[in-house]
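A.B. asks: One predicted model, sequence on top.
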Amino acid sequence: MWAEKLGKQLGHPTRSVAGWLVSKMLTVRNRVLEENAVQLCGIQPGDTVLELGHGPGLGLQSAAKLVTGPTGHLIGVDYSEYMHQMAREQMKELVASGKVTLHHCDVAAMPLADSTVDKVFHCNCYYFWPDLRKGAAEIRRVMKPGGLMVTTLKLSSVATFAAKRVLPAANWRPESYMEALIDSGFTDVRMEDKLFKHIVFQAIYATALK
């Protein structure tokens, strides 16, 4: 029962005791994954960068330090109103300046123009999407040709265990997401094992076709 409740809150945290606990857990457990996803993207100062499922804002804060050029822009999307508001509060100065834009929306229906994003990253996120192919196709739509997407995940994490209890088996398998990326117009799709301070995690890379 606890795993099912956790899985639902991880996928869509609500303003509740359980949602608050999940936000704290994400802050502690996802920091390494978020920061590594940002670094693996190879963000340049003038890039337009998108984070999917930004949660409380860890990855956004890390990426904001790199998007320093006059044309650099950071975008975050999250399906949870609670996480959206939490990130807005954490980054209110950058949001007010126009450097950061946050959207409360579904990954499969983002209010972004075609071919406008240079880099995309997300962490422990894709397996909560109802339709992997719709999500992957929408990511490809907003990315510039040749743009890079990186997602980090920990296959043995509590989040993955909880996801298995509330989602179809195909959703949490990395191979299913990689297939959806290929079908949606990505190339050089691969997964690598990574090691950071004795923590083993996985990174999936995908390049938008030119």
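C.D. replies: Good, I have the coordinates. Residues are numbered from 1 along each chain as shown.
A.B. asks: what lines up beside the helix or strand where Thr152 lies in the sheet?
C.D. replies: For Thr152, the enclosing helix or strand under DSSP states H and E is strand 143-153. Its sheet considered, strand 143-153 pairs with strand 117-123 (parallel), strand 199-208 (antiparallel) by DSSP bridges.
A.B. asks: Including distance to Arg31, mean pLDDT and mean neighbour count, could the ones you listed go into JSON lines?
C.D. replies: All C-beta atoms are positioned from the backbone trio N, CA, C, and that covers glycine. Shown next, in JSON lines, are those (distance: least, Cβ to Cβ, whole Å; pLDDT from 0 to 100; neighbours: other Cβ atoms under 10 Å):
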{"stretch": "strand 117-123", "distance to Arg31": "10", "mean pLDDT": "97", "mean neighbour count": "25"}
{"stretch": "strand 199-208", "distance to Arg31": "10", "mean pLDDT": "94", "mean neighbour count": "18"}
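A.B. asks: So which of the ones you listed is nearest Gly185?
C.D. replies: Gly185 lies closest to strand 199-208 among the strands paired with strand 143-153, at 6.8 Å (Cβ to Cβ).
A.B. asks: wait, what's in contact with Gln44?
C.D. replies: Applying Cβ atoms under 8 Å, 6 or more residues apart in numbering to Gln44 gives the contacts 66, 69, 72, 118.
A.B. asks: where's the residue nearest to Glu81 when sequence neighbours are not counted relative to Tyr79, distance?
C.D. replies: Spatially, and ignoring its direct neighbours in sequence, Glu81 is nearest to His104 (5.7 Å; Cβ to Cβ, 6 or more residues apart in numbering). Look at His104 and Tyr79: by Cβ to Cβ, to the nearest Å, they are 8 Å apart.
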